[in-house]
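J.: Here is a sequence together with a model predicted from it:
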Amino acid sequence: MNQITFDTRAAAQFIQPSEWSAIEPQVSAAAKLLERRKGPGNEFLGWLDLPVKYDRAEYRRVLAAAKRIQKQAEVLVVIGIGGSYLGAKAALDFCGHHFYNNLTSKGRRQWLGKNLPEIYFAGTNLSSAYLTHLIELIGDRSFAINVISKSGTTTEPAIAFRLFKKILESKYGVEEARKRIYATTDSHKGALKTLADQEGYETFVVPDDVGGRFSVLTPVGLLPVAAAGIDTNELLRGAADARARYKSAPFESNDVLQYVAARNILLRKGKEIELMVNYEPRLHYVAEWWKQLFGESEGKDGKGIFPASVDFTSDLHSMGQYIQDGRRHLFETVLEITDPGAEIVLEKETSDLDGLNYLAGLTLDEVNKKAAEGTRQAHLDGGVPNLTLHLPAGTPYHLGELFYFFEKACAISGYLLGVNPFDQPGVEAYKKNMFRLLGKKS
């Protein structure tokens, strides 16, 4: 099977051969620090071998729970924030139908051969309008909840869980509601774990040694992804293959190490913003997941590359001018998918008022890829380095590869920057102010 590959050719004019040689010992040392588990935050390295060292018994329970959800619920509400939802949302969009929730149940069944619930996310914000509209959307339909929180006290998901738990109990009664609540939480402590034990919810574990933004391949991501009918075996297999490949390959042929080196060489030249670029809408939430991964991991002690993202070609009509001619403090990492998963052939029309007959016979994907090629050349001419990750297809296997690629690159890059990539001390500052303003007692 083809694998994802990393390409630096479009950045060659910005990186000299001597710079690769100079940074190689530093990157290799950071990688060894990670593999030997000797760096800061090493108590949170459970994700490193997770694709091959996960709890098989719990994984079987995850798959069984997903099947129960498919039978008992027309709608699954996934309640979580940050790493407790972004990975699952990225997987649903990347591997699923673009309009999954808009398909009829028959349409989803025809598409994947099984009954599948609509899946919506709550606890991702504090908007009363959002939650009100989601409640109205569910209406009288059957639903279940997957609440995801290590502590059970994070404000956004805790509020959402209160609301939906009350609705569930009012609709089904306390006993039946308990059978429709699935809690992914700490193994032995915390408010949600205590409640789940008291009420008898089925629970799944957020491993103690896996931080939230690295948790997509734990039950945090696997349960909602499996409930959507996506092949989680393939997701894990892709990550396992990536783990083996990036653990053993030398610097010259190790795509993870090459990516870490390239982005840090560019940072040292004043390229402080990394734009994650895609030409396929299915990659939008992959970029959102990536932004949290790198933003929380690298952005501390006055250091780090600022992670941002754009969706092309649409954002070429809004952000394109700045990227082309604005301040020269950014570089692009482009995600490209070789096989789009569908094809539309453009036809010739008798009247050529829109001037598009010259495209007759081409597929829309061919046009899209020429747009990408033309944009890359324009941005290079404008002084914007381009790095490229090639994905063969939008499959669970390749997404598993991609998740692991970025997780490992993020950890190594954090060590190269001299920060602990596994804590997030700055996140607590806004919470303290919010709690004070709301009158919460310490």
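T.: Alright, I've got the coordinates.
J.: Is the most far-flung residue of the chain relative to its centre in a helix, a strand, or coil?
T.: Ranked by distance from the centre of the chain (C-alpha atoms, centre = their mean), the top residue is T350, with 44.9 Å. At T350 the chain is in coil, as set by DSSP: H, G, I helix; E, B strand; the rest coil.
J.: For it, give its distance to V367.
T.: 21 Å (C-beta to C-beta, to the nearest Å). From N, CA and C alone the C-beta is placed, and that goes for glycine too.
J.: and what of T104?
T.: T104 is 31 Å from V367, by C-beta to C-beta.
J.: neighbour-wise, which of the two wins?
T.: Ranked by neighbour count (other C-beta atoms under 10 Å), T104 and V367 place V367 first, with 15 against 8.
J.: Tell me which stretches of the stretch 1-150 of the chain form helices.
T.: Counting by DSSP state H, counting those that start in this stretch, one finds helices in the stretch 1-150 of the chain at the ranges 17-35, 56-72, 86-95, 105-112, 128-138.
J.: In the first one, which residues are buried?
T.: For helix 17-35, burial by neighbour count (16 or more other C-beta atoms under 10 Å) applies to 19-20, 23-24, 27-28, 30-31, 33-34.
J.: ditto for the second one
T.: Buried residues in helix 56-72, counted by 16+ other C-beta under 10 Å: 59, 61-62, 65-66, 69-70.
J.: before we move on, what about stretch 184-202?
T.: Neighbour counts over stretch 184-202 (16+ other C-beta under 10 Å) mark 184-186, 190, 192-193, 195-196, 201-202 as buried.
J.: for A183, helix, strand, or coil?
T.: At A183 the chain is in strand, as set by three-state DSSP.
J.: what's the closest non-adjacent residue to it?
T.: A196 (4.2 Å; C-beta to C-beta, 6 or more residues apart in numbering).
J.: Run the angle between the host helix or strand of the one you found and strand 181-185 for me.
T.: Per DSSP states H and E: A196 is located in helix 191-199. Using axes from the mean of the first three to the mean of the last three C-alpha atoms, to 10 degrees, the inter-axis angle of helix 191-199 relative to strand 181-185 is 140 degrees.
J.: what's in contact with the next helix or strand along the chain from helix 191-199?
T.: Proceeding N to C from helix 191-199, the next assigned helix or strand is strand 202-205, under DSSP H and E. If you take C-beta atoms under 8 Å, 6 or more residues apart in numbering as the criterion, strand 202-205 is touched by 55, 58, 61-62, 65, 181-187, 193, 196-197, 218-219, 223.
J.: go again using 7 Å as the cut-off
T.: Identification of contacts with strand 202-205 by C-beta atoms under 7 Å, 6 or more residues apart in numbering yields 58, 62, 65, 182-185, 187, 196, 219, 223.
J.: Likewise for stretch 4-23?
T.: 255, 258-259, 261-262, 264-266, 376, 380, 385-391, 398, 401-402, 405.
J.: Return the mean pLDDT over the top helix by length along the chain, rounded to an integer.
T.: Assignment by DSSP state H gives helix 396-417 as the longest helix of the chain. For helix 396-417, mean pLDDT is 98.
J.: which other helices and strands contact that helix?
T.: helix 17-35, helix 86-95, helix 232-248, helix 255-268, helix 284-298, strand 386-393 (3 or more C-beta pairs under 7 Å, 6 or more residues apart in numbering; DSSP states H and E).
J.: what about the longest strand in this structure?
T.: Counting residues, the longest strand found in the chain (DSSP state E) is strand 330-339.
J.: Averaged over its residues, which helix or strand of this structure has the lowest pLDDT?
T.: Ranked by mean pLDDT, DSSP states H and E, the weakest helix or strand in the chain is helix 105-112, scoring a mean of 72.
J.: Show me the residue at the heart of this protein, geometrically.
T.: Of all residues in the chain, the one closest to the mean position by C-alpha atoms, centre = their mean is W289, 3.2 Å from it.
J.: Touching, that residue and A91? I think so.
T.: No: using C-beta atoms under 7 Å as the test, W289 is too far from A91 to be in contact (8.9 Å).
J.: Count the neighbours of I79 for me.
T.: I79, neighbours per other C-beta under 10 Å, totals 29.
J.: meant to ask about Q377, not that
T.: Other residues near Q377 come to 12 when the count uses other C-beta under 10 Å.
J.: Tell me the spacing between it and P17.
T.: From Q377 over to P17 (counting by C-beta to C-beta), the distance is 23 Å.
J.: Over to A144?
T.: Taken as C-beta to C-beta, the span from A144 to P17 is 56 Å.
J.: Likewise for N368?
T.: For N368, the distance to P17 (C-beta to C-beta) stands at 33 Å.
J.: and what of G426?
T.: In terms of C-beta to C-beta, G426 sits 37 Å off from P17.
J.: just for this structure, where's the confidence low?
T.: Low-confidence segments of the chain (pLDDT under 70): 1, 110-113, 442.
J.: Please name the residues that touch P40.
T.: Each residue near P40 by C-beta under 7 Å, 6+ apart is listed here: N420.
J.: coming back round to it: tell me the one of the buried residues of helix 17-35 nearest A372?
T.: Using C-beta to C-beta, W20 is the member of these that lies nearest A372, at 25.4 Å.
J.: contact partners of the strand or helix carrying M276?
T.: Take DSSP H and E as the rule and M276 turns out to sit in strand 273-278. Strand 273-278 is contacted from outside by 263, 284, 287, 290, 305-312, 329-335, using C-beta under 7 Å, 6+ apart.
J.: Would you indicate which residues of that strand are buried?
T.: Within strand 273-278, the residues that count as buried by 16+ other C-beta under 10 Å are 274-278.
J.: Quickly run through the sheet partners of it, with directions.
T.: With DSSP bridges as the test, strand 273-278 is paired with strand 306-311 (parallel), strand 330-339 (parallel).
J.: between those strands, which gets nearest to C410?
T.: strand 306-311 (9.8 Å).
J.: okay, the angle between the closest one and helix 396-417?
T.: For strand 306-311 against helix 396-417, the angle between stretch directions is 150 degrees (the same axes, to 10 degrees).
J.: Any buried residues in the longest strand of the chain, and which?
T.: With burial defined by 16+ other C-beta under 10 Å, the residues of strand 330-339 counted as buried are 330-337.
J.: Can you add distance to G270 and give these back as a markdown table?
T.: Converted to a markdown table, these look like this (distance: C-beta to C-beta, whole Å):
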| residue | distance to G270 |
| --- | --- |
| L330 | 10 |
| F331 | 10 |
| E332 | 15 |
| T333 | 17 |
| V334 | 20 |
| L335 | 24 |
| E336 | 26 |
| I337 | 31 |
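J.: List just the nearest of the residues you listed to L116.
T.: I337 (23.4 Å).
J.: shouldn't that closest one be in contact with E280?
T.: Yes: using C-beta under 7 Å, I337 is in contact with E280, at 5.4 Å.
J.: burial measure for G383, as a count.
T.: Residues within reach of G383, counting by other C-beta under 10 Å, total 14.
J.: Please determine how far the residue nearest to it when sequence neighbours are not counted is located from D7.
T.: Nearest non-adjacent residue to G383, counting by C-beta to C-beta, 6+ apart: R328, 4.9 Å away. Distance of R328 to D7, given as C-beta to C-beta: 22 Å.
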